[in-house]
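Enquirer: Below: sequence and its predicted model.
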Amino acid sequence: MNVDRYPSLGAALMDGLDRWADHTCLVESDRERERERITFAEFRERALPFAAFLDGAGFGPRDRAAILMTNQSKWLLAAYAIFHRAGVLVPLDAKLAAAEQLRLLAHAKPRVLVVEFHLWRALAAESAFAALAVPLVIVTEAPSAPPAGPGGVRVRRWEDARAGAASIELAPAQRDDVACIVYSSGTGGRAKGCVLTHDNYLQQLHALLSLHPFAPGVRYLSILPTNHAIDFMVGFVGPFVCGATVVHLRTMRPEFVKDALVRYRITHLAVVPLVLRNLETSLRERFAALPPLRRAALRLAIALHGLFGRGRPNPRLARRLLRPVHEAFGGALEAMFVGGAATVPRTLSFFHGLGIPVANGYGLTEAGTAITLDRLDPPRPDTVGTPLPGTEVRIDAPDDGGVGEILARGRTIMRGYLDDPELTRETIVDGWLRTGDLGCLEPSGHLRILGRRKNMIVTEGGKNVYPEDVEGAFGDLPGVKEHCVFAAHYLWKERQGSDERLLLVVRPDPAEYASILTDYVAFRDAIEARNRRLFDFQRVQGFLIWDDEFPRTASMKLRRDDLAAQVGARFGERVAVASPDGATIEVERGVISLS
């Protein structure tokens, strides 16, 4: 498909609605229940009256409209209508606290807010709600009288807003016009509204389709929030332009994901590393429960796939050799995409061995979506692949090992941060995006990510330690749901400059929690065994057991700073831990020493 011929996202999406009118564009699935399915023609019939309503309300080119909803058809309908009017979309994270959402709305200054009823009620309960200055609010799933807004704010129900004219002409927009303002800051701190143009998105679409073409017959399972850069591109723009079908699933729980894969014979899926690891754990448990002869047959089939596939995941071959495994994924899966955080190479290799291609990528909101992607030719699970077509990557000020800050340049790079020229100048220098991530480029062009620059620890011996890199050694720690590595002084700021010990924070699987507490010696030995895989200066020297879920963004990316603050606040005193033989050991600030 020649994406270059479109001047805007609105033009590309409208062409898709016309071209693929009779094909199914969207399926709404809520766990085991299908809510509805609509064709491209039906989608157009629903979206255009809403676009006409916006026009009648005075919304036009370059006006901003925010969407605050969970994954559902109304999200996409509202987004399409905004682009049809050449407006600027501001997608907000539905999982942020209401106070943070109000702060971002104040920063973005949209003329229109489309919001789900329960989220509107949460906003109305905040003290800052009185300062909301959005002229028009449209509430979905609302009762006959949704909560009113502050003075000057007009509130309408979604059903009323769809009572506009049946059709309205596409408002023209150009490649250089702003398409979206996407916030990448998470909660708290400085609001970072990434200003992205139509050209940024269309260039990204062009690059991704050159590697993974979409067409009618492709069925994409959408489990990430649509406001996230990955799902916005791969779960909305790409499928709609190319005539593919999007299946919305309102949960990331593995059992429902697996059910949807089978029920809809999904061909493509984007996940975050945590979801991928949960799928891996589930499969490994099933394999371990097989009778000895069937386990041996499985190992043989995996070996034959590796031999005849020449080290590359080959779905067609694997469906013959590993039929039960692939039927558990629906029997049609062609590719999974994973990104948003570091993925353990062992997990990627596990799926490749089963003939399930998992394309590991790296990107930032500031770069549209992706910067690099593993093309699996052959797979390089220890890297995040090579730069996308049209994107350049280089390493700034590399050390003796070739490690430095990753810089990226190309037509997908944002214009800058909204109303923040100072931060824009710091982040985009001579056309190069400073990512803040540390990595190295191999002679083959593959990029290895070592971690965030701000997280790097310099030891007394002058060695650089990247916590994210160390974490990879503990990805197969038995009984552990999540884990994270910190320097002690990162948890307790008063130790800055005096305590560089690396500490492993582990959140056990609920079923394993009691056994780890009662036999921490065996657990300590398991950590020590993995420690030996690392260089001396990389090894953790103690561990903390954490019983709460790690704080994460809507796309399941770890909020490292938030976790450090919580751990540091909770473990502030010396405590005693009972050993299995009845003795006790002194544990400083909850840290069980490995020495």
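Expert: Sure thing, it's come through.

Enquirer: Distance from the chain centre to stretch 343-359, please.
Expert: Its chain's average C-alpha position is 18 Å from that of stretch 343-359, according to C-alpha atoms, centre = their mean, to the nearest Å.

Enquirer: Only the buried residues of it, if you could.
Expert: For stretch 343-359, a neighbour-count test (16 or more other C-beta atoms under 10 Å) marks 343-345, 347-348, 350-359 as buried. Where C-beta positions appear, they are placed from N, C-alpha and C, glycine not excepted.

Enquirer: mean confidence for that stretch?
Expert: Per-residue pLDDT over stretch 343-359 has a mean of 93.

Enquirer: What is the least confident helix or strand in this structure?
Expert: Across the helices and strands of the chain, mean pLDDT, DSSP states H and E gives its lowest value to strand 575-578, namely a mean of 43.

Enquirer: I'd like the distance between the nearest residue to residue 394 once chain neighbours are set aside and residue 31.
Expert: Leaving aside its chain neighbours, residue 394 sits nearest to residue 407 (5.3 Å; criterion: C-beta to C-beta, 6 or more residues apart in numbering). Separation of residue 407 from residue 31 (C-beta to C-beta, to the nearest Å) stands at 43 Å.

Enquirer: In terms of neighbours, single out the busier of these two.
Expert: Taking neighbours as other C-beta atoms under 10 Å, residue 407 and residue 31 compare with residue 407 leading, 20 against 13.

Enquirer: Checking residue 476 next. Helix, strand or coil?
Expert: At residue 476, secondary structure determined by DSSP: H, G, I helix; E, B strand; the rest coil is coil.

Enquirer: I'd guessed it sits against residue 350; true?
Expert: No - applying C-beta atoms under 8 Å, one finds residue 476 not in contact with residue 350, separated by 10.1 Å.

Enquirer: what touches both of the two?
Expert: Counting by C-beta atoms under 8 Å, 6 or more residues apart in numbering, no residue touches both residue 476 and residue 350.

Enquirer: Just give the closest residue to residue 41, not the sequence neighbours.
Expert: In space, residue 41 is closest to residue 21, 4.0 Å off (C-beta to C-beta, 6+ apart).

Enquirer: How much space separates the one you found from residue 213?
Expert: 21 Å.

Enquirer: Which one's more surrounded, the two?
Expert: Between residue 21 and residue 213, residue 21 has the larger neighbour count (other C-beta under 10 Å), namely 15 against 12.

Enquirer: I figured the more buried one hits residue 43, correct?
Expert: No - using C-beta under 8 Å, residue 21 is not in contact with residue 43; the gap is 9.4 Å.

Enquirer: so what's the nearest residue to residue 454 once chain neighbours are set aside up against?
Expert: The shortest distance from residue 454 to any non-neighbouring residue, by C-beta to C-beta, 6+ apart, is to residue 436 (6.9 Å). Shown in contact with residue 436 (C-beta under 8 Å, 6+ apart): 405, 452-454.

Enquirer: For the stretch 201-350 of the chain, which segments are assigned as helices?
Expert: 229-232, 238-242, 254-263, 273-288, 292-308, 315-321, 323-328, 345-353 (DSSP state H, counting those that start in this stretch).

Enquirer: Straight-line length of stretch 469-480, end to end?
Expert: Stretch 469-480 has its terminal residues 18 Å apart, counting by C-alpha to C-alpha, to the nearest Å.

Enquirer: For it, the averaged confidence score.
Expert: 85.

Enquirer: mind listing what's buried in it?
Expert: So, applying 16+ other C-beta under 10 Å, buried residues of stretch 469-480: 469-477, 480.

Enquirer: contacting residues around it?
Expert: In contact with stretch 469-480 (C-beta under 8 Å, 6+ apart) are residues 277, 342, 344-347, 450-451, 483-485, 502, 504, 506-509, 512, 515-516, 523, 526-527, 530-531, 533-534, 538, 540.

Enquirer: try 7 Å
Expert: Applying C-beta atoms under 7 Å, 6 or more residues apart in numbering, the contact partners of stretch 469-480 are 344-347, 450-451, 483-485, 502, 504, 506-509, 512, 516, 526-527, 530, 533-534, 538, 540.

Enquirer: Same check on stretch 309-316?
Expert: By C-beta under 7 Å, 6+ apart, stretch 309-316 touches 305, 317, 333-334, 352, 355-357, 376-379.

Enquirer: Tell me where the model's unsure across this protein.
Expert: 1, 163-164, 185-189, 460-462, 494-499, 554-555, 572-595 (pLDDT under 70).

Enquirer: How about the contacts made by residue 77?
Expert: 43, 46-47, 50.

Enquirer: hmm, 10 Å instead?
Expert: Residues near residue 77 by C-beta atoms under 10 Å, 6 or more residues apart in numbering: 26, 38, 43-44, 46-51, 114, 140, 158, 162.

Enquirer: Also residue 413?
Expert: 194, 196-197, 200, 203, 364, 366-368, 371, 391, 427-428, 431-433.

Enquirer: Assign a three-state SS to it, would you?
Expert: Going by three-state DSSP: residue 413 is coil.

Enquirer: Can I get the host helix or strand of the residue nearest to residue 394 as PDB, trimmed to CA atoms?
Expert: In the assignment (DSSP states H and E), residue 407 maps to strand 404-410. Taking Å, rounded to 0.1, in the frame of the first residue of the first chain, the C-alpha atoms of strand 404-410 are listed here in PDB:
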ATOM      1  CA  GLY A 404      26.800   5.600  25.300                       C
ATOM      2  CA  GLU A 405      23.500   7.400  25.000                       C
ATOM      3  CA  ILE A 406      21.200   6.300  22.100                       C
ATOM      4  CA  LEU A 407      20.300   9.000  19.600                       C
ATOM      5  CA  ALA A 408      17.700   8.700  16.900                       C
ATOM      6  CA  ARG A 409      16.900  10.800  13.800                       C
ATOM      7  CA  GLY A 410      14.300  10.600  11.100                       C
END
